[in-house]
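In: predicted coordinates and the sequence they were generated for:
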Amino acid sequence: MIARRVGLTDPALYYYFPTKRDLHDALLREADVRDLPPPAGTLEEGMESILAFFFRYAENGDLVRLALREQVSGEPAAISFRQDVEQTFRAFAGPFFRQHYGEAANAIESIVTYTLTGVFWDAILSFGANFEEVVAQDHFQRRLRNVLSACLPDPAELG
């Protein structure tokens, strides 16, 4: 199925990935977020960048369902994948949190990271094969914006 999807023959695919494990581990790679503008500016502008990061991962529902299933079963490659995604998110959004929240940045960043991860996993478990379709709908995107907004206090109130 993978070979057909990428336009290769089975032998060509196994040339690059000698075992199913090699292929599996290659699939558990992070989404490319290098083209996304890092969060900057106002809270609203930063929130849009953070949401773009979330939706970049949501574009491949099959992969994220596989990753969740394997993380729950303790598969080391899938656990490493989750840790890498979290580290990438923190590198991506960390400067924004530090700019707006100073000493509270690490706490706010953790709250956002784990809340978005929870929403992500909940959507996968709730919608299964329809995950990508549901996440693309306006009502889900509004809900996610509201959740993220609730995680981002007004920096003036933290004074």
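Out: Alright, I've got the coordinates.

In: my guess is T9 contacts Y15. True?
Out: No - the criterion here is Cβ atoms under 8 Å, and T9 misses it with Y15 at 9.3 Å. Every residue, glycine included, has its C-beta placed from N, CA and C.

In: would you list the phi and psi of the residue sitting furthest away from the middle of the chain?
Out: Farthest-out residue of the chain from its mean C-alpha position, per Cα atoms, centre = their mean: P11, at 32.2 Å. Dihedral pair for P11: phi -60, psi -40, per degrees, to the nearest 10.

In: and the gap between it and R5?
Out: Going from P11 to R5 by Cβ to Cβ, to the nearest Å gives 16 Å.

In: and for V135?
Out: Counting by Cβ to Cβ, the gap from V135 to R5 is 21 Å.

In: neighbour count winner among the two?
Out: V135 (22 against 7; other Cβ atoms under 10 Å).

In: using the three-state scheme, assign the residue nearest to A93 when sequence neighbours are not counted.
Out: Leaving aside its sequence neighbours, A93 sits nearest to P39 (Cβ to Cβ, 6 or more residues apart in numbering; 5.3 Å). Secondary structure, DSSP: H, G, I helix; E, B strand; the rest coil: P39 is coil.
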